[in-house]
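Q: sequence first, then the predicted structure, then my questions.
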Amino acid sequence: MADRPFQPLPPQGPPGPPSPSPFRLAPRTPTLASRIALPVVDEGPGTVRFRPFNDARVILLLRGQPPREGIPPGATPFWSLVATAPMGPFVVEVLRHKQVLSPPQWQPGMPPVDPQDYEPVDDVLLLPDGELRIPRAPRGFSDGEIAFIVQSIQLFSAMPGGAPDPAHRDYLPAGPAPFAPAGAAVDPRPIMPVQPAPPPGVAPPPGSARQGCDVVLQANTFNMPPRCASCGAPKETTLNTARTQSRAFRGKVTRTFAIPYCNPCASRVKGARSKGLKLGLATFGIALAAAALSFVAPGLPGVVLLAAPLLVSVGFAIAVMTRLAPPAPAPPAVGTADAVRLVSFKGERSVLYCANPTWAQAFAQANNVSPVPKSRSSRFGVGSLWTAILVAPAAALGAWFTSHPELHIDNAGAEPLQIWVDGDPSVVVPPNPGGVVPPSIYVAYGQHMLGYSKTGAGHADSASEVHVTMRDDFLYNPGKTACYWLVADSYGSASIKGVAQGPQPVLEFYAFDKVDTWFGDNPQSVSVSSGQSGDTRVAVQRAKACMELAADGCDEAARNAFVHCEQGATSDAAFAQCERAVSCGSKAGQAESNGEPPEPSPSAPAPGPAHTTHASPEPKPGPPRPAHSSHPVAPAASGSAKHG
Ligand SMILES: [Zn+2]
């Protein structure tokens, strides 16, 4: 009842003077007062002028003596009832006053005088403390604009404590008024039906109670109804609704509207906002906590560790949207959250979604636009759902990959190998004679039994316990068939001091501090983040000379002795001496006897250009690449590879 818009009466028979709508002239009463929330132009003795729409048109409140001046007690050809306007629990009559003035004297050359100019029409609101005259013609206010004006008026009891008074009955809807004497005749005044049919001339409140409206403002200046955007009660405060959009090449821009609310609706909206924020943060925390399962129980199946965070956090978000959502407010207030949202804006244009269609209608009419019925979801907890959907998978993947380090498996032998992890068959790794990037598996951090066998075997022939951490890079060398060499390169001002490099002992399992390049050369240059003046890269490569010894049949002990010799060599000559000192396989004593570099063995694993041995631990002039590299390398660009 409180906030139905101004409505004209339905037409009653053919229009015209013979049957003006009857009315009862409600008297002024000192116990009921009006408050008009419109901009005041000026105030005189007994008059106040308002300018509702920031243009030339004004409306006039007559509140001096005598009351109801010039208004007849009943309908006349010049005075008729055109509508009743609900104002909270009260209702006021709206009379139409048509005057017939003398037409101005016509002068030759003038256009014909518009009859409107000498037959002005006003609508007069019979407020309990005055008469509000609203021009209709010429150049007056439209039905929609009058609806906005009516929405700006509040009636309240002037009695102590706002108590009712028998004199108020002239402003109460028809029916046995609570103070009416028993047996009083029913008030004959026409009153709006509770569910008014859409009258002609006024857009109906569009949509159902559940549907709101878009209102498209075309200018930066606009009129805002002085009514709560949620329930329609008089405005008591405002809440900002804002939206931030990114502009092409020009960063972000935020537009904000101050939306009127009554105090109860404002505190309800603020409560829903903060509750939504807290529950969104809770959803975020739940997604992260569920993702941390990868660290707590890394041995669980990957599908569990990856799906659990999504299921748990989406489940919580659904609970937020249903059981944890604040209760819907009592009508006529709408929605649990903001009654008005800024949907989009561009230039001077702004699209505002108003959940309360009645308010939307008043807002639109105050700005000479039409409301567009729209259903836009503003369901509580949607933010939580999006948080769950976006955060949980990313957190789960991040946690899983962190807690499941990558383990490269290099098979330098001649046969494919079945790899076993903790007694269960894992991948089959084919021979890797070319020394290309080896396959890898992801294993949970912690202790593992790594083993290998021929394919088809029922268990691992050989297994060893290894410790996998979340920080290092790991390489499995089943059967110790390969030898490795680390190449550390520095770029820019970075130093490789302390970075592991050079020949590596022959082991079955390696934990490297950091590996950037597997079985290849580090890049010529690297990109660094701003503020960084350089960086390092570490490549792990097969050690050719040691591999050759293995192919020649040298056992692990002999190759380890060779590596040990290389690690201790401080000069080219000492380095070369290491290979000559080898006494195993087909080369035993050969190099020493003839003093020639050994020929590549026919069974050498690396075909292609004849490789060089690891002849020098120090870079030589020229291409700054390690001597053991089998790949020709162009001279490094500045800031690139330089070996220390
Ligand atoms: Zn409200």
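A: That came through fine. Numbering: from 1, shown residues only.

Q: quick check: residue 451 touching residue 463?
A: Yes - using CB atoms under 8 Å, residue 451 is in contact with residue 463, at 3.1 Å. In this view, the C-beta of every residue, glycine as well, is placed from N, C-alpha and C.

Q: of all of the stretch 301-450 of the chain, which residue lies closest to the ion?
A: In the stretch 301-450 of the chain, the residue found nearest to the ion is residue 333; the distance is 5.4 Å by CB to the ion.

Q: secondary structure element for that residue?
A: Following DSSP states H and E, one finds residue 333 outside all helices and strands.

Q: got the residues of the stretch 251-400 of the chain near the ion?
A: Neighbours of the ion within the stretch 251-400 of the chain, by CB under 5 Å from the ion: 262, 265.

Q: mind checking the SS state of residue 323?
A: At residue 323 the chain is in coil, as set by DSSP: H, G, I helix; E, B strand; the rest coil.

Q: quick check: phi and psi on it?
A: Phi and psi for residue 323, reported as degrees, to the nearest 10, are phi -70, psi -30.

Q: count of residues packed around the residue of the stretch 301-450 of the chain closest to the ion?
A: As a burial measure, residue 333 scores 23 neighbours (other CB atoms under 10 Å).

Q: ok, it touching residue 230?
A: Yes - between residue 333 and residue 230 a contact is recorded at 4.5 Å, counting by CB under 8 Å.

Q: between those two, which contacts overlap?
A: 265, 268, 339, 356 (CB atoms under 8 Å, 6 or more residues apart in numbering).

Q: re the thing from before, more neighbours, residue 451 and residue 463?
A: Using other CB under 10 Å as the criterion, residue 451 and residue 463 rank with residue 451 on top: 24 against 19.

Q: what packs against the strand or helix carrying that one?
A: Residue 451 is located in strand 446-454, with elements delineated by DSSP H and E. The contact analysis (3 or more CB pairs under 8 Å, 6 or more residues apart in numbering; DSSP states H and E) places strand 446-454 against strand 417-421, strand 462-468.

Q: biggest helix in the protein by residues?
A: helix 263-291 (DSSP state H).

Q: pLDDT averaged over it - what is it?
A: Helix 263-291 comes out with an average pLDDT of 90.

Q: what do you get for stretch 519-527?
A: Averaged over stretch 519-527, pLDDT sits at 86.

Q: ends of it, what's the gap?
A: Terminal residues of stretch 519-527 are spaced 21 Å apart (CA to CA, to the nearest Å).

Q: use 14 as the first number from now on
A: Got it, first residue is 14 now, which makes that one stretch 532-540.

Q: so how far is it off the chain centroid?
A: From the chain centre to the centre of stretch 532-540 is a distance of 38 Å (CA atoms, centre = their mean, to the nearest Å).

Q: give the buried residues for it.
A: 532, 533, 534, 535, 539 (16 or more other CB atoms under 10 Å).

Q: with stretch 477-488 instead?
A: 479, 481, 486, 487, 488.

Q: in JSON lines, list these along with pLDDT and distance to the ion.
A: Listed next are the buried residues of stretch 477-488 as JSON lines, based on pLDDT from 0 to 100; distance: CB to the ion, whole Å:
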{"residue": "479", "pLDDT": "90", "distance to the ion": "68"}
{"residue": "481", "pLDDT": "90", "distance to the ion": "61"}
{"residue": "486", "pLDDT": "88", "distance to the ion": "62"}
{"residue": "487", "pLDDT": "92", "distance to the ion": "64"}
{"residue": "488", "pLDDT": "93", "distance to the ion": "68"}
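
Q: strands of the stretch 14-163 of the chain, start to end?
A: Applying DSSP state E, counting those that start in this stretch to the stretch 14-163 of the chain gives strands spanning 20-21, 45-49, 53-57, 60-63, 72-75, 92-100, 103-111, 134-140, 143-150.

Q: quick check: which helices or strands does the fifth one pack against?
A: For strand 72-75, the elements it packs on are strand 60-63, strand 143-150, judged by 3+ CB pairs under 8 Å, 6+ apart.

Q: minimum distance to residue 563: which of these has it?
A: Residue 563 sits nearest to strand 60-63 of all the helices and strands packed on strand 72-75, at 99.7 Å, using CB to CB.

Q: report the rounded mean pLDDT for the closest one.
A: For strand 60-63, the per-residue pLDDT averages 90.

Q: and for stretch 333-340?
A: The average of the pLDDT scores along stretch 333-340 is 82.

Q: give the buried residues for that stretch.
A: Buried positions in stretch 333-340, judged by neighbour count with 16+ other CB under 10 Å: 333, 334, 337, 338.

Q: tell me the contacts of residue 574?
A: Taking CB under 8 Å, 6+ apart as the test, what residue 574 contacts is residue 595.

Q: report the buried residues of the helix or strand containing it.
A: If you go by DSSP H and E, residue 574 is part of helix 569-581. Under the neighbour-count criterion of 16+ other CB under 10 Å, helix 569-581 has 569, 571, 572, 573, 574, 575, 576, 578, 579 buried.

Q: same question for stretch 162-172.
A: In stretch 162-172, the ones that count as buried by 16+ other CB under 10 Å are 162, 163, 164, 165, 166, 167, 168, 169, 170.

Q: that one vs the ion: in contact?
A: No - judged by CB under 5 Å from the ion, stretch 162-172 makes no contact with the ion; its nearest approach is 12.9 Å.

Q: how about the closest residue to the ion within the stretch 264-413 of the chain, what does it touch?
A: Nearest residue of the stretch 264-413 of the chain to the ion: residue 278, at 3.0 Å (CB to the ion). Counting by CB under 8 Å, 6+ apart, residue 278 touches 241, 242, 243, 244, 246, 342, 346, 352.

Q: and residue 40, what does it touch?
A: 80, 81, 183.

Q: which of these count as buried?
A: Buried among these (16+ other CB under 10 Å): 80, 81, 183.

Q: what about the residue lying closest to the last one once chain neighbours are set aside, how many neighbours?
A: The one in question is residue 183. In this structure, residue 183 finds its nearest non-sequential neighbour in residue 39, 4.1 Å apart by CB to CB, 6 or more residues apart in numbering. Residue 39 has 17 neighbours, counted by other CB under 10 Å.

Q: and what of residue 502?
A: Residue 502: 29 neighbours (other CB under 10 Å).

Q: name the SS class of it, please.
A: Applying three-state DSSP: residue 502 is strand.

Q: doesn't residue 547 make contact with it?
A: No - here residue 502 does not reach residue 547: they are 10.6 Å apart, not a contact under CB under 8 Å.

Q: which residue ranges form the helices in the stretch 164-313 of the chain?
A: Taking DSSP state H, counting those that start in this stretch as the criterion, the stretch 164-313 of the chain carries its helices at 276-304, 306-309.

Q: how about the nearest residue to residue 310, chain neighbours excluded?
A: In space, residue 310 is closest to residue 318, 7.8 Å off (CB to CB, 6+ apart).

Q: from memory the one you found sits against residue 410, does it?
A: No - the pair residue 318 / residue 410 is not scored as a contact, 9.7 Å apart, by CB under 8 Å.

Q: neighbour count winner among those two?
A: More neighbours surround residue 318 than the other of residue 318 and residue 410, with 26 against 15 (other CB under 10 Å).

Q: low-confidence stretches in the chain?
A: 14-34, 187-223, 391, 596, 598-657 (pLDDT under 70).

Q: quick check, residue 373 in a helix?
A: Yes - when three-state DSSP is applied, residue 373 is found to be in a helix.

Q: near it, how many other residues are there?
A: When neighbours are counted by other CB under 10 Å, residue 373 registers 29.

Q: same deal with residue 377?
A: 25.

Q: in which helix or strand does it reside?
A: Element membership for residue 377 (DSSP H and E) is helix 370-379.
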